[in-house]
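# Give me coordinates for this.
(2 chains)
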Amino acid sequence: GENVEQHPSTLSVQEGDSAVIKCTYSDSASNYFPWYKQELGKRPQLIIDIRSNVGEKKDQRIAVTLNKTAKHFSLHITETQPEDSAVYFCAASPMNYGGSQGNLIFGKGTKLSVKP
Amino acid sequence: EPEVTQTPSHQVTQMGQEVILRCVPISNHLYFYWYRQILGQKVEFLVSFYNNEISEKSEIFDDQFSVERPDGSNFTLKIRSTKLEDSAMYFCASRTDRDRYGYTFGSGTRLTVV
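Here you go, the predicted model:
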């Protein structure tokens, strides 16, 4: 089955700096790669996602890149702010592949701390 | 913005007891899921449900677990005989249709087994 590795487990940056979180996946059938932000005690919130037919997607300060050949994808946050502090999870899914209904396999998370 | 609603927010139960966790997905969504998150760990897939039947389930989802959509709106997860290691946050999620991949997660039920 799918296995998602995520690095680093913790990341501390100064406000205004960029943050990069990287994930690798194992199953070439995976075609959907969302990123979730989770604040303490709260639900995961989808912040950006990418499908395997594109290599990059951007939404304001957040961007995701996907390298299908190498089976890795990354989250980039620019101009970080203290409110970006949270745990970020990557995930992979073989959405609709072989009848799959899109179960997400998550990475272990990255705790991002943005220091003012 | 529509929400996935989960009740209760926190449930404490004794080991060996049955619990039912309840979810009301967004009304026009067709795909439903349960995930769990042990404190401080990653989110883990339990089961997916579509067209009134289980589509996929993980190794975690053994015979102690069952799901139901009894009345077309509620989506429930039952744990028959709870164990200490079932203590976790349980999240329900739903998505609208085959071509829209984004999930909406509920706010979760924290289950504590004592």
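# What backbone torsions are found at the residue most central in space within chain B?
Note on chain B: the residue nearest the mean C-alpha position is B:W34, at 3.2 Å, using Cα atoms, centre = their mean. The phi/psi pair for B:W34 (degrees, to the nearest 10) reads phi -120, psi 140.
# so it bridges to which residues?
On the basis of DSSP bridges, B:W34 is bridged to B:V47, B:C92.
# So which residues of chain B form helices?
Along chain B, no segments are classed as helices by DSSP state H.
# residue at max distance from the center of it?
Distance to centre of chain B, Cα atoms, centre = their mean, peaks at B:D99 (22.2 Å).
# Distance-wise, check that one relative to A:N96.
From B:D99 over to A:N96 the distance is 8 Å, taken as Cβ to Cβ, to the nearest Å. C-beta coordinates here come from the backbone N, C-alpha and C atoms, glycine included.
# Same check on A:S18?
Taking Cβ to Cβ, one finds A:S18 at 34 Å from A:N96.
# Neighbour count: these two, which is higher?
A:N96 (14 against 11; other Cβ atoms under 10 Å in any protein chain shown).
# Give me every residue in chain A lying close to chain B.
Neighbours of chain B within chain A, by Cβ under 8 Å from any Cβ of the partner chain: A:32, A:34, A:36, A:42-46, A:49, A:51, A:89, A:91, A:93, A:95-96, A:99-109.
# how about a cut-off of 6 Å?
A:Y32, A:R43, A:P44, A:L46, A:M95, A:Q101, A:N103, A:F106, A:K108, A:G109 (Cβ under 6 Å from any Cβ of the partner chain).
# Dump those to CSV, plus neighbour count.
Listed next are the residues of chain A next to chain B as CSV, based on neighbours: other Cβ atoms under 10 Å in any protein chain shown:
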residue, neighbour count
A:Y32, 20
A:R43, 21
A:P44, 27
A:L46, 15
A:M95, 23
A:Q101, 22
A:N103, 22
A:F106, 23
A:K108, 17
A:G109, 23
